[in-house]
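**Q** Using only what follows, build the 3D model:
(one chain, ligands or ions: 1)
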Amino acid sequence: MTTATKPTPAPVLTATDLDAHWMGFTANRAFKRAPRLLASAKGMHYTTVDGRQVLDGVAGLWCVNAGHGRDGITQAIAKSAATLDYAPAGFQLGHPTAFALADKLTAFTNNKFERVFFTNSGSESVDTSLKIALAYWQAAGETQRVRFVGRLRGYHGVGFGGMSVGGIDANKKAFGAQLLPHADHLPHTHDIAANRHARGQPGTGAELADALEEIIAKRGGETIAAVIVEPVAGSAGVLVPPKGYLERLRALCDSHGILLIFDEVITGFGRLGATFASEYFGVTPDLVTLAKGLTNGAVPMGAVLIRKEIYDRVTGATESGIEFMHGYTYGGHPLACAAALASLEIHSTERLAERANMLAPYFEQAVHSLRDHPHVADVRNIGLMAGIELESRPGKPASRALDVYLDCFREGLLIRYTGDIIALSPPLIIEKAQIDEVVDKLGAALKRVA
Ligand code: PLP
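**A** Here you go, the predicted model:
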């Protein structure tokens, strides 16, 4: 197993050196008063600019599933940079590595999805999948299918499409604007009162999928292009779908001819103990959005997996010439493709999804040992991801989780938090002793912050 390397001496940054960079999803002013800066990473650890080791409890940002600094990936990127620094993979030009990666990805899905469209991020994957759904219906002659259905508390990135189908109000309200005009939302599936401390899929709540019928009754099923959900909502605090919920959603979409999109930006590449969540739950959508773990986070890249019939319909609708007016300059970038191929190779040879599946019961046991810690309202888990929901301080939402996050970072553990929910999603190479360390450090922080 890889171990942490000695940090490369990092330049010392003064307060003014931090001014220019406007950081996304960050409390910029507070951060710049007390920055947390990472200098290097190897295996399960980051090293900070001041030389401290930080155990990575969240795979960077749900990306680094194979652990940090993987030699195979680094070498593949270097080789690609030296051979073909840039070539479009679209715009009437291509390069072999993009085709090789598309082939390999379809094989990863056991050929359930036979076509792949490359993007550079999860947000782009989401917006691309929405556009493919619209293009499909235009091509199919059902031009009235222009509506989308997302879910409350869903996170689908920050593009206008993803924001519109997403269900996190805070991400929208600062922008005042009307987003996509045709988006409705299912209720979320989170119900602590019914499912507190659920291990794996909660038992209650499958019927929440039936809310789709109400939307259909109101809007007309024939106007809906697609339903998009995260199989497990990640960013909103690890919301695990109730048993039977996804199956019901699939059945309802089928009976009204609606496309189903799974946003697997977080759940793809082994997180649940299967290569994809669709495989884990045994529910097959029509389109799947990917990013993050695809390149192990090493080069920005996303992808959309597409059923062949959808591709055929869209491409077949045009007599000749360009069939889909969409694409990104950097989609299928040679360095990203090389990184993804190397990353998939690691997933295959090290059987990372199986490893996650094997570790999941140990991880479950460990995280549920936190349930009686101060202010813990709920612990939930699936595969190698867990949410620990805290009681909010009166009038100060999110402040308790922030304090826990800061305490953990000081003590050498990286976690995530959303509102007052802490999320864990370690690299799949984590060892049992490191799971213990994550839980011990988090437990100690919960006690100190109480
Ligand atoms: N979709 C899901 C489910 C995500 O979790 C994320 C990011 O966390 C995105 C989309 C957006 O991905 P990106 O930040 O790469 O644009």
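
**Q** Show me the shaky parts of the stretch 151-300 of the chain.
**A** Applying pLDDT under 70 to the stretch 151-300 of the chain flags the ranges 177.

**Q** So which residues of it form helices?
**A** Ranges of helices in the stretch 151-300 of the chain, per DSSP state H, counting those that start in this stretch, are 160-165, 170-173, 192-195, 211-219, 245-255, 277-281.

**Q** Check the protein for the residue nearest the ligand and tell me.
**A** G122 (2.2 Å; C-beta to the nearest ligand atom). Yep, even glycine has a C-beta here, placed from its N, CA and C like the rest.

**Q** Next up, phi/psi of that residue, please.
**A** Dihedral pair for G122: phi -70, psi -40, per degrees, to the nearest 10.

**Q** give me the number of residues near it?
**A** Neighbour count for G122, taken as other C-beta atoms under 10 Å: 30.

**Q** wait, what's in contact with it?
**A** H156, G157, D263, V265, T289, L290, A291, K292, G302 (C-beta atoms under 8 Å, 6 or more residues apart in numbering).

**Q** okay, those in CSV with neighbour count next?
**A** CSV is the format used below for the contacts of G122 (neighbours: other C-beta atoms under 10 Å):
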residue, neighbour count
H156, 31
G157, 23
D263, 32
V265, 29
T289, 31
L290, 29
A291, 29
K292, 28
G302, 27
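
**Q** sorry, back to before: please determine how far the residue of the chain closest to the ligand is located from E391.
**A** Counting by C-beta to C-beta, to the nearest Å, the gap from G122 to E391 is 31 Å.

**Q** What residue spans form the domains of the protein?
**A** For the chain, automatic domain parsing gives the domain ranges 15-66+351-449, 72-349.

**Q** most neighbours per residue, which of those?
**A** Comparing the domains of the chain by mean neighbour count (mean count of other C-beta atoms under 10 Å), domain 72-349 comes out on top with a mean of 20.

**Q** So for that domain, first residue to last residue, what's the gap.
**A** Start and end residues of domain 72-349 are separated by 12 Å (C-alpha to C-alpha, to the nearest Å).

**Q** try stretch 67-74
**A** This stretch, stretch 67-74, spans 12 Å end to end (C-alpha to C-alpha).

**Q** roughly how far is that stretch from the heart of the chain?
**A** 20 Å (C-alpha atoms, centre = their mean, to the nearest Å).

**Q** and if you look at stretch 362-382?
**A** How far stretch 362-382 lies from its chain's middle: 22 Å, per C-alpha atoms, centre = their mean.

**Q** can you list contacts of it?
**A** Around stretch 362-382, the neighbours that count as contacts under C-beta under 8 Å, 6+ apart are 192, 195-202, 232, 238-240, 272, 360, 384, 386-391, 400, 424, 432, 435-436, 438-439, 442-443, 446-447, 449-450.

**Q** quick check: mean pLDDT across that stretch?
**A** Averaging pLDDT along stretch 362-382 yields 98.

**Q** and what of stretch 134-150?
**A** Here stretch 134-150 scores 98 as its mean pLDDT.

**Q** And for stretch 435-450?
**A** Averaged over stretch 435-450, pLDDT sits at 97.

**Q** Let me see the contact set for the residue nearest to the spatial centre of the chain.
**A** Note on the chain: the residue nearest the mean C-alpha position is I266, at 2.3 Å, using C-alpha atoms, centre = their mean. Listed by C-beta under 8 Å, 6+ apart, the contact set of I266 reads W62, E230, V232, G234, S235, K292, M385, S425.

**Q** now with 7 Å?
**A** By C-beta atoms under 7 Å, 6 or more residues apart in numbering, I266 lies in contact with W62, E230, G234, K292.

**Q** residues touching the first one, list them.
**A** Taking C-beta under 7 Å, 6+ apart as the contact definition, W62 lies against G234, I266, K292, S425.

**Q** Kindly identify which of those also come near the ligand.
**A** Filtering those for neighbours of the ligand using C-beta under 6 Å from any ligand atom leaves G234, I266.

**Q** Which one of the contacts of W62 is nearest to R70?
**A** Closest approach to R70 among the contacts of W62 (C-beta to C-beta): K292, at 14.8 Å.

**Q** Excluding covalently adjacent residues, which one is nearest to that closest one?
**A** Nearest residue to K292, sequence neighbours excluded (C-beta to C-beta, 6 or more residues apart in numbering): C63, at 4.0 Å.

**Q** And the one you found, what's its pLDDT?
**A** 98.

**Q** I'd say it and L290 touch.
**A** No - between C63 and L290 there is no contact under C-beta atoms under 7 Å: 11.3 Å.
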